[in-house]
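> sequence below, structure please.
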Amino acid sequence: MKMPKREKEDNFKNILKEFFDKYTPPVLNAKLPGNSSSTGNPKNSKISAEYISSESLKLIQTDLQIDFIITKAETELTEDKLLSLLSRLGNYFINSGEFTPAVYIFEKLVATSNSKDKLTKTTGDALLSLADIFSRQALWGISLNYINEAYKVYKKLNNNKGCADCENLLGTIHGELGNLSQAYIHFEKSLFFLRNRKNNSIKGKIEINLGIINNIQGNYDLALNYFHKALEKFTALKDTKRVAEIRHNLGMLHSKTHQYQNAIREFNQSISLSEKRKFQSTLSLSYLGKAVIYAIQENYNLSNLFADKALEICHKVNDRLSIADIYKVQGIIHRDTKNYELAENYLLTSLRINKELNNSMNKAETEFELGLLYKLKGKKSDSILFFLNARKYFLKIGALKELKEIDKLLSC
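Numbers count the residues shown, from 1 in each chain. Now for the predicted structure:
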């Protein structure tokens with residue numbers, strides 16, 4: 001049997017090999033120039049014997065490498081190859097969760113591709129990549145502005161695939177905000193743009209999103225069907241990033257149906273792929289998924305461990321939505337271990353962030369947990385208020401499982 005080709009890891013080294021005959025970006029020394037004075041007088045150096053922190057050094061190193069690479073590329077490569085190189089590097093940094101250099105590269109890509117006042121698909125793709133980056137940080141206004149700019153480019157070029165990508169991202173944003181009916185409309189529009197063409201990649205992404213929505217609404221068989229269809233597509237395409245995302249979402253599905261061993265298995269597969277390929281956003285979500293399961297199983301040490309792992313990544317990539325989710329999990333842990341004051345602090349902080357980010361679904365989930373907390377504390381009126389607030393949203397999206405649970409708690 002013929003084995004599939006092994007996917008080549010996309011990193012600085014492999015990307016540069018494809019565009020330059022021989023080039024290795026310089027590596028900074030950990031000590032700044034001027035740290036040691038030739039006169040032996042440390043006052044001659046503004047920084048004296050200070051060292052750059054490892055994290056700061058990494059950021060400076062990355063920025064310097066990018067600038068040197070762009071300088072070399074502009075002098076040695078054709079415009080088409082330059083744009084291709086920038087696109088590859090930008091996508092590499094998105095996958096690695098390093099959004100600052102990714103933004104810098106895609107802004108450079110937009111400026112370069114627009115330099116001759118001629119609209120190109122490359123411009124639209126770069127604008128949409130910027131929209132994707134800012135949506136991951138819950139910077140909705142900035143993201144929507146970039147989507148609109150990309151949409152204008154694709155429409156003028158009659159590029160239905162690009163328009164489909166814009167609608168899919170709009171659907172994803174509305175899904176993140178908890179506006180599920182609006183999300184459905186955008187996913188349907190995305191499919192409409194693809195009606196006369198076969199594009200398994202975009203259709204697979206839409207299937208993932210439809211699976212997520214159906215999982216939220218408790219349509220588990222339908223969600224499972226969507227995830228499996230998407231998994232088949234992306235496995236055939238050898239798209240490791242999407243396979244990792246689907247494995248994570250299968251874990252979320254099994255968590256909702258209380259099949260915790262199956263959920264852990266799927267999360268572990270997602271983590272394995274994400275660690276290997278440095279997919280930071282998916283990695284943090286699967287760590288968080290495991291933290292939730294271990295909290296349910298009252299294994300609070302493991303739950304805290306994976307919550308902390310997720311939090312470290314989320315702070316790095318500025319994923320405020322997931323940070324709010326992690327605080328919710330930590331609030332649950334402290335509530336269940338009867339540390340009510342700390343639980344209240346975590347849950348109220350999670351609620352505040354979700355309100356700031358206009359995330360209706362996560363807000364309702366946190367209000368439900370606060371309802372449980374205040375019920376345990378004997379604060380009946382506060383408990384009822386939070387349960388009713390959560391119920392209002394779950395009724396709106398048709399989440400029957402959550403509605404039954406809240407109604408049962410309100411009747412006690």
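
> what about the residue nearest to the spatial centre of the chain, distance to residue 334?
Within the chain, one residue has its C-alpha closest to the average C-alpha position: by C-alpha atoms, centre = their mean, that is residue 281, at 4.3 Å. To residue 334, residue 281 is 26 Å away according to C-beta to C-beta, to the nearest Å. Heads up, the C-betas are built off the backbone N, CA and C, glycines and all.

> can you check residue 227 too?
Computed with C-beta to C-beta, the distance linking residue 227 and residue 334 is 33 Å.

> of the two, who's got more company?
A side-by-side neighbour count of residue 227 and residue 334, using other C-beta atoms under 10 Å, places residue 227 first with 25 against 21.

> wait, doesn't the more buried one sit right on residue 208?
Yes. Residue 227 lies in contact with residue 208 (C-beta atoms under 8 Å); the separation is 6.9 Å.

> intersection of neighbour lists for these two?
Residues within reach of residue 227 and of residue 208 at once, by C-beta atoms under 8 Å, 6 or more residues apart in numbering, are 246, 249.

> please give me every residue in contact with the closest residue in space to residue 83 that isn't next to it in sequence.
Here the nearest residue to residue 83 in space, its sequence neighbours aside, is residue 122; by C-beta to C-beta, 6 or more residues apart in numbering that works out to 5.1 Å. Applying C-beta under 8 Å, 6+ apart, we find residue 122 in contact with 83, 87, 109, 113.

> now residue 211
When contacts are counted by C-beta under 8 Å, 6+ apart, residue 211 touches 222-227, 230, 249, 253.

> same list (the residues you listed) but as a markdown table, adding pLDDT.
Formatted as a markdown table, the entries for the contacts of residue 211 read as follows, by pLDDT from 0 to 100:
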| residue | pLDDT |
| --- | --- |
| 222 | 96 |
| 223 | 96 |
| 224 | 97 |
| 225 | 97 |
| 226 | 96 |
| 227 | 97 |
| 230 | 96 |
| 249 | 98 |
| 253 | 97 |
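
> filter these down to the buried ones, ChimeraX style.
In ChimeraX, the members of the contacts of residue 211 classed as buried (16 or more other C-beta atoms under 10 Å) are selected with the following command:
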select :223,224,226,227,230,249,253
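
> out of the contacts of residue 211, name the ones that lie in helices.
When the contacts of residue 211 are checked against helices (DSSP state H), the matches are 222-227, 230, 249, 253.

> from those, pick the one nearest residue 156.
Proximity of the ones in helices among the contacts of residue 211 to residue 156 was ranked by C-beta to C-beta; the top entry is residue 230 with 30.6 Å.

> could you check how far that closest one is from residue 205?
In terms of C-beta to C-beta, residue 230 sits 8 Å off from residue 205.

> what do the two both touch?
Residues within reach of residue 230 and of residue 205 at once, by C-beta under 8 Å, 6+ apart, are residue 242.

> tell me the two of the contacts of residue 122 that are most distant?
87 and 113 (9.6 Å).
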